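Q: This is the structure alone, sequence omitted:
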């Protein structure tokens, strides 16, 4: 628990950076679109339909989609950028919806009075419509803030630091203390953001400037706190650390740390690990240069990355095919680990003895009625 709590400030700050950046982007984009939708009802329906459709995409799938999309345009494809873009998309709907509703529900008599005193469209928006709609708009921002903090825990598989580091790693290694720390910290952060935005909402609704100032000071303080680790790292300077990728299971966590230690001793450069990445995400990171090395498996590379469906003659042939194919992409197989990672088929011992199962071929006669599970 001491180790977990020591690492918590770094991941909490990174999680907060992701959440605040995505939320700020959502406000900057959604509020003007909501104003447009309130002015032109024909535009409101397609805008809300698109935002609603994006909201139905599973959050992990949306974050994963950002990786190849960014790689295709030559942008950084793993880490902070794809995570922020995915979270930004998820923040759009509540803010856009509430902005549209808030502006559209203003009493027409008030708007007529504003026109009567000679206000132009811009003045009416700034001095009448936005102040009246502000409590509803902030309520949408409040909803988006809670959604964004929760969804940011899923940024770990695309290489972004977040509190998901504790949750994903804890699930894979049965470290329930890590899961508890990650979940509790994410919940506390969501409640804190919700409370601060709620102060803004109350201040706007009751016309109490003190509540608005308190909420703004709290949010500014969170933003400053989130930036401290980044500023400290920039102040330290030094060479960029070597990055060793790891997939989301225990063997990869162990191997990535062994490789990082070997690289530090061999090069004299600092090395760090980037955990819980999907197979295609970690390979894309290697191909783009955002990851320097990672451990992969011949079968995974051959089937998932190279798309081969035929059965190789033997292990040596499969390894040679993978090595040659990767070399054509400028990727080198630096070393072989010297052990074979052999899978087994497991079932209860009593069942195996009762059915006389000793070899994998013995399963064939039972296969039509069985369900086989895999990771």
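A: Here it is on my side, so go on. The structure presented is a predicted model; accordingly, all values stated were derived computationally and were not measured. Numbering: from 1, shown residues only.

Q: just the strands in the stretch 101-250 of the chain please.
A: Per DSSP state E, counting those that start in this stretch, the stretch 101-250 of the chain carries strands over the ranges 242-245.

Q: where does it dip in pLDDT?
A: Within the stretch 101-250 of the chain, no range satisfies pLDDT under 70.

Q: Assign the nearest residue to residue 309 once chain neighbours are set aside to helix, strand or coil.
A: In space, and not counting its chain neighbours, residue 309 is closest to residue 303: 7.2 Å by CB to CB, 6 or more residues apart in numbering. From N, CA and C alone the C-beta is placed, and that goes for glycine too. Following DSSP: H, G, I helix; E, B strand; the rest coil, residue 303 is assigned to helix.

Q: Quick check: the gap between residue 125 and residue 299.
A: 61 Å (CB to CB, to the nearest Å).

Q: Compare the two (neighbour count), which wins?
A: Per other CB atoms under 10 Å, whichever of residue 125 and residue 299 has more neighbours is residue 125, with 18 against 15.

Q: Just give the closest residue to that one, not the sequence neighbours.
A: Nearest non-adjacent residue to residue 125 (CB to CB, 6+ apart): residue 35, at 6.8 Å.

Q: Now do the helix or strand harbouring residue 5: distance to the chain's middle.
A: Using DSSP states H and E, the element containing residue 5 is helix 2-39. Relative to its chain's centre, helix 2-39 lies at 11 Å (CA atoms, centre = their mean, to the nearest Å).

Q: For that helix, list every residue counted as buried.
A: Within helix 2-39, the residues scored as buried using 16 or more other CB atoms under 10 Å are 4, 8, 11-23, 25-27, 29-31, 33-35, 37-38.

Q: Which neighbouring elements make contact with it?
A: Other helices and strands packing on helix 2-39, by 3 or more CB pairs under 8 Å, 6 or more residues apart in numbering; DSSP states H and E, are helix 41-56, helix 80-104, helix 130-151, helix 164-173, helix 176-206, helix 209-236.

Q: Minimum distance to residue 286: which of these has it?
A: helix 80-104 (15.6 Å; CB to CB).

Q: so what does that closest one touch, helix or strand wise?
A: helix 2-39, helix 41-56, helix 59-72, helix 130-151.

Q: And the contacts of the third one?
A: In this case it means helix 59-72. Under the contact criterion CB atoms under 8 Å, 6 or more residues apart in numbering, helix 59-72 has outside partners 54, 57, 76-78, 81-83, 85-87, 89-90, 151, 154-155, 157-158, 278, 280-281, 284, 287-288.

Q: For it, list every residue counted as buried.
A: Buried positions in helix 59-72, judged by neighbour count with 16+ other CB under 10 Å: 59, 62, 63, 64, 65, 66, 67, 70, 71.

Q: Let me see the mean pLDDT of it.
A: Averaging pLDDT along helix 59-72 gives 83.

Q: That helix to helix 80-104, inter-axis angle?
A: 120 degrees (axes from the mean of the first three to the mean of the last three CA atoms, to 10 degrees).

Q: Also the second one?
A: What separates the directions of helix 41-56 and helix 80-104 is an angle of 140 degrees, with the same axes, to 10 degrees.

Q: what packs against helix 41-56?
A: Under the contact rule (3+ CB pairs under 8 Å, 6+ apart), helix 41-56 is packed against helix 2-39, helix 80-104.
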